[in-house]
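Enquirer: Sequence plus the predicted model coming up.
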Amino acid sequence: MAQRRLPKSVFDYLDGGAEAEITLAENCRAFRDVLFRPRSAVAVGSCDLRTRVLGHELSFPAMLAPVGYSRLMHPGGEVAAAHAAGTAGTGYILSTISGHKLENVKAASQGPVWYQLYLLGGREAAEGSIDRARRAGFSALVITVDTPVAGLRERDPRNGMKELLSTSLFAKIPYLPNILSHPGWLAAFLSDGSLPRLENVVSPGKGPMELIDVGAALASATVTWGDLRWIRELWTGPIVVKGLLTGDDARRAVDEGAAAVVVSNHGGRQLDSVSPTLRALPEVVAAVKGQAEVLMDGGVRRGSDIVKALCLGARAVLIGRAYAYGLAAAGPEGVTLALKILRSDVERTLRLLGCPSVGALDRSYVEVPASWPVQ
């Protein structure tokens with residue numbers, strides 16, 4: 001449905017990955033390597049799907065991951081997604097690359113909302129965003145550390161994503177036939193004022209950053225371990241480090257004060273040919289030794305995927321494409337339906353496993369390939 005509604009440039013931005021898209025495919029395929037070991041002849045009464053993440057009780061163990069350019073997918077964008085997450089009893093993480101003001105996103109949700117930080121616009125702009133997020137009531141700060149430059153997502157230049165974001169009508173001409181063939185999206189895009197600004201990247205004296213191809217901006221905004229020190233001075237709440245695939249980096253994040261880490265390869269959108277996140281998860285869980293909560297994203301498309309990640313040690317998962325397709329297809333109702341599908345999947349999987357709660361899941365419920373590290 002999302003593919004039918006969106007022009008090719010926007011859909012492939014959402015759907016695609018870096019280079020040959022090996023990691024994009026492996027993120028999903030890795031779940032097939034993990035097999036369930038159910039408990040038979042077990043009557044499960046009510047299933048408890050609740051979990052706690054950084055002190056927040058979630059109705060089921062999945063939060064909505066930060067998805068950039070969400071407002072291009074649907075005018076409701078981040079506000080619609082945050083509202084749907086809160087209504088479903090779970091949390092939402094707002095991307096820096098967002099078209100709605102962070103204050104409006106927080107106000108839309110009755111659940112926990114975290115802010116994901118890029119250093120776009122430099123340190124002063126980041127300090128302003130951190131202060132705004134603190135005053136608005138965001139409960140955690142997510143630092144993404146796997147984006148020193150933007151990955152080579154070959155679908156984007158092929159489809160004219162940069163041209164779509166430019167102000168030049170001439171540059172858009174080769175891609176207009178495809179854009180015009182999606183009149184519903186185009187009408188919503190134009191009625192929303194066309195290209196929004198990055199409302200949460202505000203440099204002093206310059207106003208919000210233009211919604212441009214952020215690749216060049218990211219190249220000059222690399223997050224280092226040293227940056228976590230001045231960020232900790234500004235942000236007194238929990239810090240989550242996102243974008244780790246090795247035990248060494250996970251331990252370093254804990255040493256730098258992270259309350260949680262996210263095993264993530266950016267959905268296969270950055271460095272291609274890295275480990276799928278499910279395979280990297282056990283190494284990170286073993287490395288942090290309970291000193292930080294471990295979350296995971298990448299390749300989660302079914303509730304059974306969520307259950308497998310929990311069996312391997314994740315406290316919860318972050319879902320990106322799994323809800324963004326719904327947002328692109330039908331706005332807030334699409335996000336709500338995506339969450340209902342996943343929740344139903346998780347409950348059915350638990351019942352078939354003979355497990356009464358997500359808190360009772362452990363390694364004994366799955367069989368993992370012997371070739372995987374940290375058995």
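Expert: Received, thanks.
Enquirer: ok, residue 95 to residue 268 distance?
Expert: Per C-beta to C-beta, to the nearest Å, residue 95 is found 17 Å from residue 268. For every residue, glycine as well, the C-beta is placed using N, CA and C.
Enquirer: now residue 352
Expert: Distance, residue 352 to residue 268, using C-beta to C-beta: 29 Å.
Enquirer: Out of those two, name the residue with the larger neighbour count.
Expert: residue 268 (27 against 16; other C-beta atoms under 10 Å).
Enquirer: Contact partners for the more buried one?
Expert: Residue 268 sits next to 17-18, 21-27, 298 when contact means C-beta atoms under 8 Å, 6 or more residues apart in numbering.
Enquirer: and what of residue 163?
Expert: 9, 171-172, 174-175.
Enquirer: Do you know the pLDDT at it?
Expert: At residue 163, the pLDDT value in this model is 89.
Enquirer: Would you list the phi and psi of it?
Expert: phi -70, psi -40 (degrees, to the nearest 10).
Enquirer: which stretches of this protein form strands?
Expert: 35-36, 51-53, 56-58, 62-64, 92-94, 113-117, 140-144, 198-203, 207-209, 239-244, 260-263, 293-297, 316-319, 366-367 (DSSP state E).
Enquirer: Show me which residues of the third one are buried.
Expert: The reference is to strand 56-58. For strand 56-58, burial by neighbour count (16 or more other C-beta atoms under 10 Å) applies to 56, 58.
Enquirer: hmm, back to that, any chance of the contacts of residue 163 in TSV, plus pLDDT and distance to residue 342?
Expert: Below are those laid out as TSV (pLDDT from 0 to 100; distance: C-beta to C-beta, whole Å):
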residue	pLDDT	distance to residue 342
9	96	27
171	89	39
172	90	36
174	93	38
175	93	34
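Enquirer: Any of these buried? List them.
Expert: 9, 172, 175.
Enquirer: Can you tell me which of those residues comes closest to residue 253?
Expert: residue 9 (34.8 Å; C-beta to C-beta).
Enquirer: Excluding chain neighbours, what is closest to the closest one?
Expert: Distances taken as C-beta to C-beta, 6 or more residues apart in numbering put residue 159 closest to residue 9, at 4.0 Å, once the chain neighbours are dropped.
Enquirer: What count of nearby residues applies to that neighbour?
Expert: 21.
Enquirer: what do you get for residue 60?
Expert: Residue 60 has 24 neighbours, counted by other C-beta under 10 Å.
Enquirer: Residue 335: what's it in contact with?
Expert: 64, 80-81, 84-85, 323, 326-327.
Enquirer: quick revisit: in the contacts of residue 163, find the pair that's most separated.
Expert: 9 and 171 (12.1 Å).
Enquirer: hang on, isn't residue 27 packed against residue 279?
Expert: No - in this structure residue 27 lies outside contact range of residue 279 using C-beta atoms under 8 Å: 9.5 Å.
Enquirer: Looking only at neighbour counts, state which of those two leads.
Expert: Neighbours were counted for residue 27 and for residue 279 using other C-beta under 10 Å; residue 27 has more, 27 against 24.
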